[in-house]
Structures are given as C-alpha cells and as structure tokens.
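Trainee: Here is my input; please provide its structure:
(one chain, ligands or ions: 1)
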Amino acid sequence: MQIQCYTLGSVGTHCYLLIQEETGEALLVDPADRGEFLEEKLTQQNLTLKGILLTHGHGDHIMAVSRLRETYQVPVLAHQGEQELLADPEQNLSQALFGCPVSLAADRWLGDGELVELAGLCLRVLHTPGHTPGSCCYYMEKEGVLFSGDTLFCASVGRTDFPGGSMSTLLHSIREKLLPLPDETKVYPGHAELTAIGEERRYNPYFR
Ligand SMILES: [Zn+2]
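Mentor: You can find the predicted model right below:
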C-alpha cells in the first residue's frame, strides 16, 4: 500500500490517499477541500476510487466530499456518533469557519471495532470521542498505520472547545484505544507532522 498526503484548505488539513498498487484501487481519508485537484490526482495516476472515509465531521475535513461522491459514486463512511454533527452546518463549523454550509449523511455508519474492507485494504474503526462525539481513528494492523484525525497529534491532542467536545473524554479515548497500539505504529494525523505511537506514549505532554 502507498499513502499520499495532500494538505488542503485554509487550515492545512491533511487528506490521505491510500493506494492499493496491485489493483490501482484507492480510498480517501478526509477529502478536506479542492475536489477538482483530488480528481486530477486520481486521474493522473489512473486510480479507481472505492470509498471516502471520514475521521469526523468538521468543515475543514469534508469540503470536497459531496463533489467526489457525485463524480465517482462511491460510499462515504463515518462513525455513527457523528450523524448529528455532520448534518448540522453550525455544529460542524462549515458555516462559521468557511461561510459555506455543508450538511452530509454517510452512506455507511460505522460502529466501534468494525472492520472496513474496501479497495483490498482493511481498516479497523476505533471510536475515539472527545474532539467530537463521533470522532474515530482508522487502524491498519498489517501495515502498522493509524489515521488519527483531530484526536491525536504529534506532542498534542485535538481541541475540545467546539460543540460536543470534551477533554476528559478525549484523553480517555486516547489512553484506552490508541496508546495500547504497538510502539512502531505510524500516526497520520489530520494536521501537522506525522508521529508514532511509541513517541506519543513517551513524550506527549498530555500523557507523561
Ligand atoms: Zn476537527
């Protein structure tokens, strides 16, 4: 598997393109913005998009979802706890931050621990509420990869001052669901630099 990162939108949100090289099938995690640019990347590389995975529903992670869903007729997946926030432009901040109200529903609502098998890839859903009620991370055990959204960052954690946020819930989620993963697990967050679980367990000031 190959992972490409595109940093998009006004607050530098990472969109990850996961490519199964043998088949040319691909998944997108958090198509943050610039749908036409992402379409170009898929076309240039001759990739077949098979699905769109959301780590959570904030406006800066979802601005290109509708366009890509329409172009490729692929399912959008999100944790079931995010239904209300994704549907509501006030709660998902698309109105306030971007002046562009977005209301979305997933095609498949995920539960904690569920296995997503798409494009020949396997991703385990880890429900990690706190940044938002339905925030989740996607864990690829075989590849040792975690997409952590706005839950866990390099030496930091997600903000909890937005609607539905809770710092105690966030820290509990990270302790229970993420820090027990193997040290070498590579963490691909929604913003800023990459990290690894072992680094965060040792050096993240929220958990030392
Ligand atoms: Zn967020």
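Trainee: ok, now which ones touch the spatially most central residue of the chain?
Mentor: With distances taken as C-alpha atoms, centre = their mean, the residue of the chain nearest its centroid is T55 (3.0 Å). Counting by C-beta atoms under 8 Å, 6 or more residues apart in numbering, T55 makes contact with 29-30, 61, 135-138, 147-151, 190. In short, each C-beta sits where N, CA and C put it, glycine included.
Trainee: what comes into contact with stretch 27-35?
Mentor: 8-10, 13-18, 38, 49-55, 60-65, 67-68, 71, 118-119, 121, 138, 147, 149, 188, 190.
Trainee: no no, stretch 70-84
Mentor: With C-beta under 8 Å, 6+ apart, stretch 70-84 has contacts from 35, 39, 42, 49-54, 56-57, 65, 68-69, 86, 91, 104-112, 116, 125, 127, 129, 132-136.
Trainee: Check the burial of E22 by counting its neighbours.
Mentor: E22 is flanked by 8 other residues according to other C-beta atoms under 10 Å.
Trainee: hang on, I meant Y206
Mentor: 15.
Trainee: That one: what's it in contact with?
Mentor: S156, V157, L171, I174.
Trainee: wait, what's in contact with the second one?
Mentor: In this case it means V157. The contact partners of V157, by C-beta under 8 Å, 6+ apart, come to G130, H131, T151, L170, L171, I174, N204, Y206.
Trainee: Closest one of the residues you listed to the ion?
Mentor: Distances from the contacts of V157 to the ion were compared by C-beta to the ion; the smallest belongs to H131, at 5.6 Å.
Trainee: and the closest one, how far is that from A155?
Mentor: Here the criterion is C-beta to C-beta, to the nearest Å. By it, H131 lies 16 Å from A155.
Trainee: Of these two, which one has the most company?
Mentor: Each of H131 and A155 has its neighbours counted (other C-beta under 10 Å); H131 has more, 28 against 14.
Trainee: Nearest residue to the more buried one in space, please, no chain neighbours.
Mentor: Leaving out its chain neighbours, the residue that sits closest to H131 by C-beta to C-beta, 6 or more residues apart in numbering is G158, at 3.5 Å.
Trainee: for the one you found, phi and psi?
Mentor: phi -70, psi 160 (degrees, to the nearest 10).
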